[in-house]
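Undergrad: Sequence plus the predicted model coming up.
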Number of protein chains: 2
Amino acid sequence: MLSRREQDTYSFICHYIAEYRQGPLLEEIATGLGIKSKGVVHRYVQSLAKSGVIELMPGRHRGIQLAGEGNHDDSAPVLPLLGRIAAGAPIEAIPDQQEINLADFFIAPGRFVLKVQGESMIDAGILPDDMVVVESCMTARNGEIVVALVDQQEATLKRFKNNQDGTVTLIPENSNMQPMVFDAHRVHIQGVLVGQMRSYC
Amino acid sequence: MLSRREQDTYSFICHYIAEYRQGPLLEEIATGLGIKSKGVVHRYVQSLAKSGVIELMPGRHRGIQLAGEGNHDDSAPVLPLLGRIAAGAPIEAIPDQQEINLADFFIAPGRFVLKVQGESMIDAGILPDDMVVVESCMTARNGEIVVALVDQQEATLKRFKNNQDGTVTLIPENSNMQPMVFDAHRVHIQGVLVGQMRSYC
DNA sequence: AATATAGAGAACTTTTAGAGAACTTTCAAG
DNA sequence: CTTGAAAGTTCTCTAAAAGTTCTCTATATT
């Protein structure tokens, strides 16, 4: 199990190699992570090597490689992205075959999924039985769609607006329903909507 | 076997790991359970380890793992499914922690993704810039949403209806647009819609 | 009364994180 | 091939954060 800074280090190395096609210098990692001592970085890199996620060529400049590339790659959740489809036009092919990775699309720590019941967000394209991906957080910006807990008991999915006067408005995206105004202290935000998905099977 | 608070502790740990993909701190558990002393939490955690439902890496920060998941696949595209959300009701928790696997959800051979342009399916909850997952096939059943090629040049996303008289109807789900009837031989189905997803970032 | 559960909190140890100096090795320019 | 700057390695030191080990209290149950 990697510590927080070890994960940061590994992430930096992965991005660096993806971009520059070679291992980073210890000092580049240090700069990238906001660390001043390359000795510290060296310790993290050794630890990553010990846990097997990178391989080292000891002593060599830029002697960091990712371990086992293509190791569990075949299971990557990817689908080909063929292009755009618009009514009345041929499918507009996207040059050089792109892939979309579902993991990149939706997955991150602190996210979870809820299944939607009811039609309160139907005008925002969120239908009953859709899955919504929510990222845990306690604040939201105006216009974001949030999971909010009212009076510690009612949880709802609504568009959020802070009225800057001690009240907030929760707006259902359904022309048959009315926006609701609450004292801010009655509303606790549990997360903001970051994704939505639906299966037709 | 487990006392009430030990069960609470175990439940919190399970949910935390599902959401954040790492063990919680003792103090995070304490806050989550409304306990002020991390020493108390430590006692519960030790007890859980002794009864075998979790595994500890003694001394380590965040050194709590669920038993039997020592070599869990970190790269699996999964998100925790916490429950259902309906306007006006608390989140209805789903008993025993479920996970949804994005790969199972969408990925299969013969599927591809298209990015939607235009508003022709807006009443079906498919908005511009949504991604739609399409399964290649040449026939469709009534009511399915299809990618159809008209006169070998126009590709559209519409709901499909076979009129059983040598014609088919392509129905846009948009109250401002009209269904269109074509001779069946002018319409070639390229695939049927099996999924849809949207990112709000 | 004895025991199990539940919690507060202090004291202590270990892990994690970082700074920086001294040293050795690599590598490219001359 | 030499050589010196650049890069990697190995230390020691510090501090904050997190885990561990206690003792003490309280309440409910047998």
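TA: Thanks, I have it. Remember, predicted model here, so these are calculated numbers, not experimental data.

Undergrad: Point out where chain A drops to low pLDDT.
TA: For chain A, residues meeting the criterion pLDDT under 70 lie at A:69-75, A:87-90, A:93-97.

Undergrad: ok, residues contacting the helix or strand where residue A:147 lies?
TA: Using DSSP states H and E, residue A:147 maps to strand A:145-150. By CB atoms under 8 Å, 6 or more residues apart in numbering or on different chains, the residues outside strand A:145-150 that reach it are A:114, A:121, A:124, A:134, A:140, A:155-160, A:170, A:182, A:186-193, B:85, B:90-91, B:200. The C-beta positions use only the backbone N, C-alpha and C, and glycine is treated the same way.

Undergrad: Can you name the element that comes right after it?
TA: strand A:154-162.

Undergrad: returning to that earlier point: can you flag which of the contacts of strand A:145-150 belong to strands?
TA: A:114, A:134, A:155-160, A:170, A:182, A:187-193, B:85 (DSSP state E).

Undergrad: if I pick residue A:123, what's in contact with it?
TA: Taking CB under 8 Å, 6+ apart as the test, what residue A:123 contacts is A:173, A:174, A:175.

Undergrad: Surely the second one touches residue A:126?
TA: No - the pair formed by residue A:174 and residue A:126 falls short of the contact definition of CB atoms under 8 Å, at 9.8 Å.

Undergrad: the more surrounded of the two?
TA: The neighbour comparison of residue A:174 against residue A:126 (other CB atoms under 10 Å in any protein chain shown) goes to residue A:126, with 24 against 16.

Undergrad: so does stretch A:191-201 get close to chain B?
TA: Yes - judged by CB under 8 Å from any CB of the partner chain, stretch A:191-201 comes into contact with chain B at A:193, A:194, A:195, A:196, A:197, A:198, A:199, A:200, A:201.

Undergrad: Narrow those to those that are buried.
TA: Burial by neighbour count, 16 or more other CB atoms under 10 Å in any protein chain shown: within these this picks out A:193, A:194, A:195, A:196, A:197, A:198.

Undergrad: Adjacent strands (with direction) for the helix or strand that contains the last one?
TA: Under the assignment given by DSSP H and E, the secondary-structure element containing residue A:198 is strand A:187-199. Partner strands for strand A:187-199, per DSSP bridges, with pairing direction: strand A:131-136 (antiparallel), strand A:145-150 (antiparallel), strand B:187-199 (antiparallel).

Undergrad: Of the ones you listed, give the one that comes closest to residue B:63.
TA: strand A:131-136 (22.3 Å; CB to CB).

Undergrad: and that closest one, how far from the chain's centre?
TA: Averaging C-alpha positions (CA atoms, centre = their mean, to the nearest Å) puts strand A:131-136 10 Å from its chain's average.

Undergrad: Contacts for that strand next, please.
TA: Residues outside strand A:131-136 that contact it (CB under 8 Å, 6+ apart): A:106, A:108, A:110-116, A:126, A:147, A:157, A:190-198, B:19, B:79, B:81, B:85, B:100.

Undergrad: Can I get it in CSV, CA atoms only?
TA: Extracted C-alpha coordinates of strand A:131-136, given in CSV (Å, rounded to 0.1, in the frame of the first residue of the first chain):
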residue,chain,number,x,y,z
MET,A,131,-27.4,6.1,-12.6
VAL,A,132,-25.8,9.3,-11.4
VAL,A,133,-22.2,9.6,-10.5
VAL,A,134,-21.7,11.9,-7.5
GLU,A,135,-18.5,13.3,-6.0
SER,A,136,-18.5,13.7,-2.2
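
Undergrad: Can you list the buried residues in it?
TA: A:131, A:132, A:133, A:134, A:135.

Undergrad: could I get these as TSV with distance to residue B:67?
TA: Listed next are these as TSV, based on distance: CB to CB, whole Å:
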residue	distance to residue B:67
A:131	29
A:132	31
A:133	28
A:134	28
A:135	28
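
Undergrad: that older thread, from the chain's centroid, how far away is the strand holding residue A:147?
TA: Distance, centroid of strand A:145-150 to centroid of chain: 19 Å (CA atoms, centre = their mean).

Undergrad: Next, the angle strand A:154-162 makes with that strand.
TA: Angle of strand A:145-150 versus strand A:154-162, following axes from the mean of the first three to the mean of the last three CA atoms, to 10 degrees, is 120 degrees.

Undergrad: one step back: among the contacts of residue A:123, which one sits closest to residue A:166?
TA: For the contacts of residue A:123, the nearest to residue A:166 is residue A:173 (24.5 Å; CB to CB).

Undergrad: Quick check: that closest one is in a helix.
TA: No - remark: residue A:173 does not belong to a helix; assigned using DSSP: H, G, I helix; E, B strand; the rest coil, it is coil.

Undergrad: ok, it - contacts?
TA: Contacts of residue A:173 (CB under 8 Å, 6+ apart): A:120, A:121, A:122, A:123, A:124, A:126, A:159.

Undergrad: and which of those is nearest to chain B?
TA: Nearest to chain B, judged by CB to the nearest CB, of the contacts of residue A:173 is residue A:120 at 4.2 Å.

Undergrad: what's the domain layout of chain A?
TA: Annotated domains of chain A cover A:4-66, A:111-197 [automatic domain parsing].

Undergrad: quick one: the residue of chain A found nearest DNA strand C from DNA strand D, how far?
TA: Proximity of chain A to DNA strand C (CB to the nearest atom of the strand) peaks at residue A:39, 2.2 Å away. Distance of residue A:39 to DNA strand D, computed by CB to the nearest atom of the strand, to the nearest Å: 3 Å.

Undergrad: Let's verify that residue: helix, strand, or coil?
TA: Relying on three-state DSSP, one would call residue A:39 helix.

Undergrad: Count the residues that sit near it.
TA: Neighbours of residue A:39 (other CB under 10 Å): 10.

Undergrad: before we move on, what about residue A:111?
TA: 19.
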